[in-house]
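Visitor: pasting a predicted model and its sequence here:
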Amino acid sequence: MPKMRRGTSQLRQERVLEVAQVLFAEKGYHNTTMDEIAARSGIGKGTLYRTFPAKEELFLSTLDRAMERLERAILEEVEEEPTVLGKLRRAARLYFRFFEQEGELFKILVSNVPTLQEKFNRRVQEKYSFYVDQIASMLREGMDKGEIRGLGRPESITVALIGACNSMIYHWLLSGKPYPLEEDLGLIERAIEGMAR
């Protein structure tokens, strides 16, 4: 994510990202202009362009910011669960809720801006590794404690779970979000419960 130049605050950058996220979600990528983002953020166009030289970079930064919020939520909230199965269920719930709340933003990626999707996929690879590591670690812990059956390598099970979640989310976004996404969560929760000893 680009850094603001000296003399401008982190709060201003956060404001720009908040405004951009709202506008991209409301109007879509193509119908949102940098001029409009600058005006709504209360900054000059020059300041905006020095921080985010292109709309594409600003859009990808809003996605980065959203994914960082999800990462923090998973790290903080999952720790509150006393059992590994509880942690897995909580992580899945947070993941689904996140995409339900941020769906309009991510729908832009899967609908009509392939170059954005390619660039975002490269940027998100590191975050994907974070999720695989976190979930695989929970599974390993569950197997060690005897809470979860040893069904295979924790990393392989994790990739299957994340793949199932992402497929459901992708379908939901492309089909126009005709129902609450959390309705599909029950399938993932049943898969998680099926791992219990």
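Guide: Yep, it's here. Because the structure is predicted, anything quoted here is derived from the model rather than measured.
Visitor: going by C-alpha atoms from here, please, whenever you check contacts or count neighbours.
Guide: Noted.
Visitor: can you tell me the element the one residue sitting closest to the centre of the chain falls in?
Guide: Central residue of the chain (Cα atoms, centre = their mean): M67, 3.9 Å from the mean position. Element membership for M67, per DSSP states H and E: helix 55-78.
Visitor: now do that helix, average pLDDT.
Guide: In this model, helix 55-78 carries a mean pLDDT of 89.
Visitor: quick one: contacts of it?
Guide: Residues from elsewhere that reach helix 55-78 (Cα atoms under 8 Å, 6 or more residues apart in numbering): 1-2, 17-18, 20-21, 24, 29, 33-34, 52, 87-88, 90-91, 94-95, 98, 102, 105-106, 116, 120, 127.
Visitor: now, of those, which are buried?
Guide: 17-18, 20-21, 24, 29, 34, 52, 87-88, 90-91, 94-95, 98, 102, 105-106, 116, 120, 127 (16 or more other Cα atoms under 10 Å).
Visitor: let me know the angle separating the worst-scoring helix or strand of the chain on mean pLDDT from helix 55-78.
Guide: Ranked by mean pLDDT, DSSP states H and E, the weakest helix or strand in the chain is helix 103-111, scoring a mean of 75. Interaxial angle of helix 103-111 relative to helix 55-78 (axes from the mean of the first three to the mean of the last three Cα atoms, to 10 degrees): 120 degrees.
Visitor: for helix 103-111, buried residues please.
Guide: Using 16+ other Cα under 10 Å as the test for burial, helix 103-111 gives G103, E104, L105, F106, K107, I108, L109.
Visitor: pLDDT weak spots in this structure?
Guide: Along the chain, segments meeting pLDDT under 70 span 1-9, 110-114.
Visitor: helices of that one, residue ranges please.
Guide: For the chain, the helices defined by DSSP state H occupy 10-27, 34-41, 45-51, 55-78, 84-101, 103-111, 114-145, 154-174, 185-193.
Visitor: what comes up buried for the longest one?
Guide: This means helix 114-145. 116-117, 120, 127, 131-132, 134-143.
Visitor: roughly how far does the nearest residue to K107 once chain neighbours are set aside sit from F59?
Guide: Once flanking residues are discounted, K107 sits nearest to L173: 5.8 Å by Cα to Cα, 6 or more residues apart in numbering. Using Cα to Cα, to the nearest Å, L173 is found at 18 Å from F59.
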